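K.L.:
Make a model of this:
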Amino acid sequence: MADYFVCVLNDLNNKMFYSCNADGYVLLTGHVGMYGKSWGGFNGLQVAFEQPPALKAVISVYSTDDRYNDDVHYMGGCIVGNNMLSWSSSMLLRNAIPPHPQHVQDWKTLWLNRLKHSCKPWVKIWLTHQLRDSYWKHGSVCEDYSKLNNCAVLAIGGWTDGYTNAVFSLVNNIPSCKGLIGPWPHEWPDVGTPGPQIAYLDECLRWWDCHLKGIDNGASELPKMRAYLRDSISPTSYVSVWPGKWVDPNENTMSEAVFLLDNRSQKLLSADQTLGGSEGNDVRSIGGSCMAGMWGGDWLSWGIAGDLPSDQKFANAVSLCWASEPLVQDLCIVGSPTVECTISVADGTWGIVAARLCDVFPDGQVALVSYGLLNLTHRQGHDMEAVSELTPSQEYQVSIQLKVTGYTVPRGHQLQLCISPSYWPMAWPSRDNVTLSVVTGPCTQSTLRVPVYVPSNTSASSKQHPLTATPRLGPDIPHTVIRPSGGKREVQLGLSSGKHLMSSVTDLGCIYLPENGTKFGEVWSDYYHIEENVPNSAKAICDRTFNIEWPRVGTKAKVVTHSEMWSDQKVFFLNNKLQAFVDDEAIFEDSWEDTIERNFV
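P.N.:
Numbering: from 1, shown residues only. The predicted structure follows:
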């Protein structure tokens, strides 16, 4: 078990028990709350799933309820190509960081023991479990939402983060759950960009006062969901403050818009319109250009320049597209759009489909609103009993769930749906280089369903639930910035060679902490190679470097990792390497080479 060990959850449960039987305030109430972001957010839900009596409230920020289908590893049965190896490489590095020499006796011996026994590349485990089996079900609270019914859950997400779907599913399945989604990346809601930021600590305090102290402060009466409805802005890879407004979507303010895909006109028609032609179905086909996904941004944004999707018109050139007529009124989308369409494939028995929902500006700019992935061998489910190969030329009705979103497509713009059989590097390419066909017409049904927010006269306003208050931040840890953080993302297209490269370099900066005399910095570099029309040429390379120095002690250390992943039609190949240095002298090195059979992925 790489992450979310059973023993870790047991330790958290035991800690909670002893806290409730120790001196202090928690003894007076018998109530405990848990909160955290990302990993910590996962843990809060997972401990609540075990139903410890003392745990009365959880604040879970940027987490998931489904570890297989809604995390950095797999999405719609597809490998998340620009995050699985990257996250594994980052954890290989983080698990190898040395202890502080001044605080640990014989720190080198302790560090070497850690390097030898606690540092393994987790990507091998994740690739060993390519289907939704017991490995992923552990820690996935969607296995039984009812186990969280007695815990008050505040689920928080950000539209530019990867972890947003769970907020809606938790709210829809847990009676005591409230949801809050803003424009944020994978950073705390009071500091993350895009803003606007909120007074996150005040939100937490209100939740704790209500559910741990029993104070009647209105937290229990909050809307089930508060969401930031983003305005339409020109596509850009970085946004400081995203304009928009706070809304409270509920059963009284939500409806659904249904569009029909019409191949003959290449348009999205309203449900009351007639499809072009009446003599039979129309078929549109396209091959899998790897360039369709190059402009989609990162699965998980940190708010760094280059993280967000850029103009989609380049991706649209290698996709099947259907656009509506210019809208006569604003279309406010809040929730998860769904594409239900009839497809077939040629030239193979495995394949994937990527669907993108876009906002087309009158001047031709195209902004990404949402997207979804589906491994077509997983069209009936993600477990071993459900997956199956495709039969070439046979038609299948498939459903593609797009990520939840909150976005207004304004009057005069067009809503556009785009479909492609590849989405590199977000999705690892399928084994086969298939041609994908989409069928529309009176004898079949291919539709786009969009959840629409329509405010009513009785809708609660953001003034009643002030999310516009100035954030109150705690005291910052004294530090000196030696090197500021930053990032760079580039796409290199080989027009003559057909070989393309997306590179992403994230410099986490370097800072000095005077309190303990530590200077440290970290750099992540990711490279995604592929050759046009050769899906099995895909290769991910991830490099990580962590430097740490203790000037008062007069020593320094460094950790370096190098990870590679590629595949052919039958297997995945993994190479991982870990090195550790003290004062520029190598003290440890280990490497791993693994071959893992492809299993409907």
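K.L.:
any idea of the mean pLDDT for stretch 487-501?
P.N.:
The average pLDDT for stretch 487-501 rounds to 93.
K.L.:
How far off centre is it?
P.N.:
Relative to its chain's centre, stretch 487-501 lies at 24 Å (CA atoms, centre = their mean, to the nearest Å).
K.L.:
Next: stretch 500-507.
P.N.:
So, by CA atoms, centre = their mean, the centroid of stretch 500-507 is 18 Å from its chain's centroid.
K.L.:
List the buried residues for it?
P.N.:
H500, L501, M502, S503, S504, V505, T506, D507 (16 or more other CB atoms under 10 Å). C-beta: built from backbone N, CA, C; applies to glycine.
K.L.:
What are the contacting residues of it?
P.N.:
By CB atoms under 8 Å, 6 or more residues apart in numbering, the residues outside stretch 500-507 that reach it are 82, 290-291, 294, 298, 302, 304, 306, 425, 483, 485-494, 521-532.
K.L.:
swap in stretch 181-189?
P.N.:
37-38, 61-62, 156-164, 167, 180, 192-198, 200, 203, 225-228, 230, 239, 242, 244, 300-303, 307, 404, 406, 467.
K.L.:
which ones among those are found in strands?
P.N.:
37, 61, 156-158, 180, 225-228, 230, 244, 406 (DSSP state E).
K.L.:
and the residues you listed as TSV, adding pLDDT, distance to M91 and neighbour count?
P.N.:
Shown next, in TSV, are those (pLDDT from 0 to 100; distance: CB to CB, whole Å; neighbours: other CB atoms under 10 Å):
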residue	pLDDT	distance to M91	neighbour count
K37	96	16	20
V61	97	19	27
I156	98	23	29
G157	97	22	27
G158	97	22	27
L180	98	28	26
M225	97	32	23
R226	96	33	22
A227	97	31	27
Y228	97	31	25
R230	98	32	23
G244	96	34	21
G406	98	31	26
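K.L.:
Among these, which one sits closest to P101?
P.N.:
K37 (29.7 Å; CB to CB).
K.L.:
List the buried residues for the lengthiest strand in the chain?
P.N.:
For the chain, the strand with the greatest residue count under DSSP E is strand 534-550. Buried positions in strand 534-550, judged by neighbour count with 16+ other CB under 10 Å: 535-550.
K.L.:
quick one: the helices in the chain?
P.N.:
Counting by DSSP state H, the chain has helices at residues 6-19, 25-29, 39-49, 84-94, 107-117, 123-128, 134-137, 165-173, 200-211, 313-316.
K.L.:
for the ones you listed, which one ends up most surrounded?
P.N.:
helix 84-94 (a mean of 23; mean count of other CB atoms under 10 Å).
K.L.:
Run a quick check on R230 versus S370, I expect a contact.
P.N.:
No. Using CB atoms under 8 Å, R230 is not in contact with S370; the gap is 11.4 Å.
K.L.:
where do the contact lists of those two overlap?
P.N.:
Y407.
K.L.:
Find the least confident helix or strand in the protein, judged by mean pLDDT.
P.N.:
Of all helical and strand segments in the chain, the minimum by mean pLDDT, DSSP states H and E falls on helix 25-29, at a mean of 54.
K.L.:
Go ahead and flag the most central residue of this structure.
P.N.:
Geometric centre of the chain, nearest residue: G162, 2.0 Å, by CA atoms, centre = their mean.
K.L.:
how close does V481 get to L508?
P.N.:
Per CB to CB, to the nearest Å, V481 is found 12 Å from L508.
K.L.:
Which one of the two is surrounded by more residues?
P.N.:
A count of neighbours by other CB atoms under 10 Å puts L508 above the other of V481 and L508, at 17 against 10.
K.L.:
Now do the contacts for that one.
P.N.:
L508 touches S485, G521, E522, V523, W524, counting by CB under 8 Å, 6+ apart.
K.L.:
Out of these, which comes closest to E256?
P.N.:
W524 (40.7 Å).
K.L.:
Could you list everything the closest one pairs with in the sheet?
P.N.:
T506, R544 (DSSP bridges).
K.L.:
M91 is in contact with that one, correct?
P.N.:
No. Checked against CB under 8 Å, the pair W524 and M91 is beyond contact range at 11.7 Å.
K.L.:
Among the contacts of L508, which one sits closest to A323?
P.N.:
For the contacts of L508, the nearest to A323 is W524 (37.3 Å; CB to CB).
K.L.:
Please tell me how far that closest one sits from M565.
P.N.:
According to CB to CB, W524 and M565 sit 15 Å apart.
K.L.:
For PyMOL, write the select line for the buried members of the contacts of L508.
P.N.:
PyMOL command restricting these to the buried ones, with burial defined by 16+ other CB under 10 Å:
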select buried, resi 485+521+522+523+524
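K.L.:
Just list the residues touching L493, thanks.
P.N.:
Counting by CB under 8 Å, 6+ apart, L493 has contacts M291, H500.
K.L.:
How about Y68?
P.N.:
Listed by CB under 8 Å, 6+ apart, the contact set of Y68 reads Y74, R132, W136, K137, S140, H382.
K.L.:
and the two most separated of the buried residues of strand 534-550?
P.N.:
Spatial extent of the buried residues of strand 534-550 (CB to CB) is set by the pair P535 and W550 at 47.5 Å.
K.L.:
Quick check: nearest residue in space to D311, chain neighbours excluded?
P.N.:
P235 (4.5 Å; CB to CB, 6 or more residues apart in numbering).
K.L.:
Give the burial count for the one you found, as a bare number.
P.N.:
21.
K.L.:
And it, how far from Y396?
P.N.:
Look at P235 and Y396: by CB to CB, they are 32 Å apart.
K.L.:
Equivalent analysis for T64, please.
P.N.:
Applying CB to CB to T64 and Y396 gives a distance of 28 Å.
K.L.:
which one of the two has more residues nearby?
P.N.:
More crowded of T64 and Y396, by other CB under 10 Å: T64, with 28 against 15.
K.L.:
That one and G44 touch, don't they?
P.N.:
No. In this structure, T64 is not within contact of G44 by CB under 8 Å, at 11.9 Å.
K.L.:
Could you tell me how many residues sit around D231?
P.N.:
Per other CB under 10 Å, the neighbour tally for D231 reads 12.
K.L.:
Quick one: residues contacting the residue nearest to it when sequence neighbours are not counted.
P.N.:
Spatially, and ignoring its direct neighbours in sequence, D231 is nearest to P243 (4.3 Å; CB to CB, 6+ apart). Contact analysis of P243 by CB under 8 Å, 6+ apart lists R230, D231, I233.
K.L.:
Swap in 10 Å and give it another go.
P.N.:
P183, P194, P196, R230, D231, S232, I233, T408 (CB atoms under 10 Å, 6 or more residues apart in numbering).
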